[in-house]
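Visitor: test case, fold it:
(2 chains)
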Amino acid sequence: MREALLLFFVVVSGTGGEICVTRAMKRVGEVTNFRPLAIVRVILRALKVPWMWIGVAMMALAFFSLLAVLSIENVSFVVPVTALNYAAGALGGKFFLGERVTPRRWTGVLIVCIGVTLVWLGKR
Amino acid sequence: MSSHGLHLKTYCMLLIMVVFAPLGNVLLGKGMKNVGSAVTWAPSRLPHIISLVFTSGYIWLGVASLLTFFVAYMLILSWADFSYVQPASSIALLVVALLGYFYLGERISPLHWAGIIVICLGVFVVGNTPPRTTEVR
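Guide: Residues are numbered from 1 along each chain as shown, chains lettered A, B, ... in the order given. Presented below is the predicted three-dimensional model:
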């Protein structure tokens, strides 16, 4: 039970964090200048967007949840299950970022979900 | 850069990605197994557990591997399409399972293997889609 909750945090908090970071970076604007000083300026600008801080906090939570779940379960179980990130990413991209998710992508997400179910059933 | 050189550079980066991401996860797994199962973590023991995590060599090696992966990922995305790079993560999933099986001695049932292969297939299908569908403002 505890591992299911931790995996939920890994997937939902990890994807949520990425969505927040994406929002922040879209606000910062496309990066076209890759000189070190320009990159530092982009980072400083990104840190002024609250979404960035929320995103980093959620990603940190996801990382420590990953560590916790790895103490319980095998990597060959945990890492394939975290492919559910693609499902969470497609849903999050559609509903929070207004991205258009193609039928092909939904198909891929469905296949991932079937695979995760098999892994879950085959664990014991 | 010549087309040949660009291809070589791209394959080197892809190789780094599919080796270091799984290696990082496997090292984190090994490190955390030494810390002890989270099923028995009591809140009062949390400071002790955190100190164990941050003094584990395996955890730091794992984090270093994941950082190496991340740098290669960032670099490759500066010249290659996301939809070209992303299917590499499906290979990385398989590498994790192989490392878990051969290096950590994890037991993987046939159904578990089947699930891993289906997931790889799904990730591959997801990856072959256009990387940007929103308008740039």
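
Visitor: show me how far the helix or strand bottoming out on mean pLDDT in chain B is from its chain's centre.
Guide: Counting by mean pLDDT, DSSP states H and E, the weakest-scoring helix or strand in chain B turns out to be helix B:82-85, with a mean of 74. Centroid separation between helix B:82-85 and its chain, computed with CA atoms, centre = their mean, to the nearest Å, is 16 Å.

Visitor: next: stretch B:31-49.
Guide: With CA atoms, centre = their mean as the basis, stretch B:31-49 stands 23 Å off its chain's centre.

Visitor: still on that earlier bit, tell me the mean pLDDT over the helix or strand that the least confident helix or strand of chain B is followed by?
Guide: The helix or strand immediately downstream of helix B:82-85 is helix B:88-102, counting by DSSP states H and E. Mean pLDDT, helix B:88-102: 91.

Visitor: please export the C-alpha coordinates of helix B:88-102 as CSV.
Guide: Output of helix B:88-102 as CSV, limited to C-alpha atoms (Å, rounded to 0.1, in the frame of the first residue of the first chain):
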residue,chain,number,x,y,z
ALA,B,88,15.7,6.3,-26.6
SER,B,89,14.0,6.3,-23.2
SER,B,90,12.2,3.1,-24.3
ILE,B,91,15.5,1.4,-24.7
ALA,B,92,16.6,2.8,-21.4
LEU,B,93,13.7,1.0,-19.7
LEU,B,94,14.8,-2.3,-21.1
VAL,B,95,18.4,-1.6,-20.0
VAL,B,96,17.1,-1.0,-16.4
ALA,B,97,15.4,-4.3,-16.4
LEU,B,98,18.5,-6.1,-17.8
LEU,B,99,20.8,-4.4,-15.2
GLY,B,100,18.4,-5.3,-12.4
TYR,B,101,18.3,-8.9,-13.5
PHE,B,102,22.0,-9.4,-14.2
